[in-house]
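Novice: Requesting a structural model of the entry that follows:
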Amino acid sequence: MFPLMVFLGCRNITVQHGNQTVPSTGERFLGMHEKAYSYFCAGYFSMLERDWENAVNNFENALQWDHSSEKIIQHLATCYFQLGKNENAIYYMKKLTEIMPDEFSVRYTLATLYETVGKSKEAIGEYEHARRCKTTKLDNIFLADVLYRLANLYINEGMMETGIACYQSMFDMKLVSDPVKIYYEIGQKYFEKNDIKKALEYFLKAKKADPKLSFTSFYLTLCYDILKDYDNAIKEGIAFLEKEPENWAMHLALSEIYEKTKNESGKNEELRKTQEILKKNIDAGTKNTKEYFLLCQIYKNQHKIDEAISVIENMKLIPLDKETMRDAHFLLANLYYEDQKFDRTEEELRMTLKLDPDFHEANNFLGYLFAENNKNLDEAIQLINKALKAQPKNGAYLDSLGWAYYKKAHMEGRTDYLVTALKNLSEAVQHMEEPDIYDHMGEVYYSLGHWDKAVTVWKKAHALYNQIINNETKKAHIEAKLEKIKKLISVETKGTRVMKQRMEVETIVQP
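Specialist: Residues are numbered from 1 along each chain as shown. Predicted coordinates for the structure are as follows:
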């Protein structure tokens, strides 16, 4: 509910209208012109029936006869607010501030309206004015809200300390009886701003104010983890799980902490619990897509591709928005590719691009898939160029384009395509040093007859593969290429030597 203090209707008016009794204007409107009074009553009756359009029309007419009526201006602001025309409501509240410049409720209401339309600086100005107005004990709830809103606005504007000072004013003025919520929110704000030491300070205050608040332990775990105080991180994580044992996010966080502390058994146990909870939730039909994606990733890491695919296929059975459905198809494409089911990979990528034709990752992936399989090479180049239009300096996309031109060169016997391929691959390696790119460059140099350059880049590829775990197959592949080219160079050298000797002999024996 949006707290608009002045939008409370005509509480002090009683007028007989048929069999209905409504508040009357009393003496305040006795001097008002007859037409203004008539329009005002008509507007008020429309308000009672929530006919905001007619109410506005009548109040606008009434205001023409009584330009400074506080009640008419208040009701106009109320009606425009109810119609969702907040700029009009602001216009009339500003007029009211000219009549009642130091009225707390007026400034407070105008500030909330500014906040509604996203005018943070104007809202801050009005809230600041409101807190300087004279208030009564009855206003304290709203004053607390002013300071709370000010604190959040200042923090969102990057003025962290000023925001915290507003929170502190709530404590100093005894406007807050239970401080734990405020401490917790301050901790969250500092955490979001990556000021972890300050966040820890306020989460500890929140825990002291209410030791039963479980999510304080959740954030304390994260803070201690970032600060590398792993013992306290584990202690808080365990304390949290004693209260919420089914929270997979904390089990996952603990598994990562145990990994950092080289506790392999602890890591595996927490991952097992994470997986168990996620599977149970998914079997129960959870609508939380994060749970599906995470369980899929866990299965993928375990090389259980069929199980990972099954999870995402199940996710597709629940209601999904367009973006999530797109991501589901794209993830399935990756899984099918890893399983070397290239027809299914293409199918999922086609569905991805049907949902989002400009999804550059999918455009590049499908283009590269075609290039790898010597298929639809013209379409491959089109797709990759579309991806590059979105990210012209993406090394992976430039590598894909170079590889597609290399395949097209071999298919059509075009040396100029090899030159284009080399140009793109050389640019790709400037943006990212990946062994696959050097491997591709080696193939192009080899095809162009530049064997010495092919050796250089293949050796570079081999060195980079050495730095990556579980790349024995690719290393062996590069070693085979180097051995082959070494033999070719040797044969060429011997051939050149024999030819030279023959020419020398022929020269000698000529008469």
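Novice: contacts for stretch 343-361?
Specialist: Applying Cβ atoms under 8 Å, 6 or more residues apart in numbering, the external contacts of stretch 343-361 come out as 322-323, 325-326, 329-330, 332-333, 336-337, 362-363, 365-366, 369, 386-387, 389-391, 397. Placement of C-beta: from N, CA and C, glycine included.
Novice: Helices - which of those residues land there?
Specialist: Counting by DSSP state H, the part of these found in helices is 322-323, 325-326, 329-330, 332-333, 336-337, 362-363, 365-366, 369, 386-387, 389-390, 397.
Novice: In contact with Ile141, which residues are there?
Specialist: Neighbours of Ile141 in contact, by Cβ under 8 Å, 6+ apart: none.
Novice: Now do it against Phe45, distance only.
Specialist: The gap separating Ile141 from Phe45 is 31 Å, by Cβ to Cβ, to the nearest Å.
Novice: quick one, what contacts Arg149?
Specialist: For Arg149, the contacting residues are Ala111, Thr112, Glu115, Ala123, Tyr127, by Cβ under 8 Å, 6+ apart.
Novice: tell me the phi and psi of it?
Specialist: Torsion angles at Arg149 (phi, psi; degrees, to the nearest 10) stand at phi -70, psi -40.
Novice: and it, what pLDDT?
Specialist: At Arg149, the model reports a pLDDT of 92.
Novice: and what of the one 4 residues further on?
Specialist: In the prediction, the pLDDT value recorded for Leu153 is 92.
Novice: returning to that earlier point: can you tell me which of the ones in helices among the contacts of stretch 343-361 are buried?
Specialist: 325-326, 329-330, 332-333, 336-337, 362-363, 365-366, 369, 386-387, 397 (16 or more other Cβ atoms under 10 Å).
Novice: Which pair in those residues has the greatest spatial separation?
Specialist: The largest distance within those, taken as Cβ to Cβ, falls between Met325 and Tyr397 and amounts to 24.1 Å.
Novice: low pLDDT regions in the protein?
Specialist: Where the chain drops to pLDDT under 70, the residues are 1-33, 492-511.
Novice: those strands in it, which residues are they?
Specialist: Shown for the chain, the strands assigned by DSSP state E span residues 14-17, 20-23.
Novice: any idea how the protein splits into domains?
Specialist: For the chain, the structural domains run 1-99, 436-511, going by automatic domain parsing.
Novice: re earlier: would CSV of the contacts of Arg149 with neighbour count be doable?
Specialist: Shown next, in CSV, are the contacts of Arg149 (neighbours: other Cβ atoms under 10 Å):
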residue, neighbour count
Ala111, 26
Thr112, 24
Glu115, 19
Ala123, 21
Tyr127, 27
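Novice: which among these gets closest to Asn471?
Specialist: Of all these, Glu115 has the smallest distance to Asn471: 55.0 Å, by Cβ to Cβ.
Novice: The closest one touches Ala123, doesn't it?
Specialist: Yes: in this structure, Glu115 is within contact of Ala123 by Cβ atoms under 8 Å, at 4.2 Å.
Novice: how about the helices in the stretch 401-511 of the chain?
Specialist: Remark: helices assigned in the stretch 401-511 of the chain by DSSP state H, counting those that start in this stretch are 415-431, 435-448, 451-466, 472-509.
Novice: What is the burial count for Asn424?
Specialist: Neighbour count of Asn424, defined by other Cβ atoms under 10 Å: 24.
Novice: Might you report the residue contacts of it?
Specialist: Leu398, Asp399, Leu401, Gly402, Tyr405.
Novice: what about 6 Å?
Specialist: Leu398, Leu401, Gly402 (Cβ atoms under 6 Å, 6 or more residues apart in numbering).
Novice: Nearest spatial neighbour of it, chain-adjacent residues omitted?
Specialist: The shortest distance from Asn424 to any non-neighbouring residue, by Cβ to Cβ, 6 or more residues apart in numbering, is to Gly402 (3.5 Å).
Novice: doesn't Val419 make contact with that neighbour?
Specialist: No: taking contacts as Cβ atoms under 6 Å, Gly402 lies outside contact range of Val419: 10.7 Å.
Novice: Can you report how many residues neighbour Glu307?
Specialist: 15.
Novice: ok so, going back, any idea how far the residue nearest to Asn424 is from His67?
Specialist: Distance check for Gly402 against His67: by Cβ to Cβ, it reads 74 Å.
Novice: Neighbour count: the two, which is higher?
Specialist: Set Gly402 next to His67 and count neighbours by other Cβ under 10 Å: Gly402 wins out with 28 against 10.
Novice: So which residues make contact with stretch 54-64?
Specialist: With contacts defined as Cβ under 6 Å, 6+ apart, stretch 54-64 is touched by Ala36, Tyr39, Phe40, Ala42, Gly43, Ser46, Met47, Ile72, His75, Leu76, Cys79.
Novice: Kindly recompute the last result at 7 Å.
Specialist: Taking contacts as Cβ atoms under 7 Å, 6 or more residues apart in numbering, the residues outside stretch 54-64 that touch it are 36, 39-40, 42-43, 46-47, 69, 72, 75-76, 79-80.
Novice: try stretch 264-272
Specialist: Applying Cβ under 7 Å, 6+ apart, the contact partners of stretch 264-272 are His251, Leu254, Ser255, Tyr258, Glu259.
Novice: Please convert those to CSV, extending it with neighbour count and distance to Asp229.
Specialist: CSV is the format used below for the contacts of stretch 264-272 (neighbours: other Cβ atoms under 10 Å; distance: Cβ to Cβ, whole Å):
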residue, neighbour count, distance to Asp229
His251, 22, 20
Leu254, 27, 14
Ser255, 20, 18
Tyr258, 21, 15
Glu259, 15, 16
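Novice: what about Glu291, neighbour count?
Specialist: 20.
Novice: got the contact list for it?
Specialist: Residues near Glu291 by Cβ under 7 Å, 6+ apart: Leu278, Asn281, Ile282.
Novice: can we see that at 8 Å?
Specialist: Trp248, Leu278, Asn281, Ile282.
Novice: can you check Tyr80 too?
Specialist: The neighbours of Tyr80, taking Cβ under 8 Å, 6+ apart as the test, are Val56, Asn86, Asn88, Ala89, Tyr92.
Novice: And His462, by the same measure?
Specialist: By Cβ under 8 Å, 6+ apart, the neighbours of His462 are Pro435, Lys475, Ile478, Glu479, Leu482.
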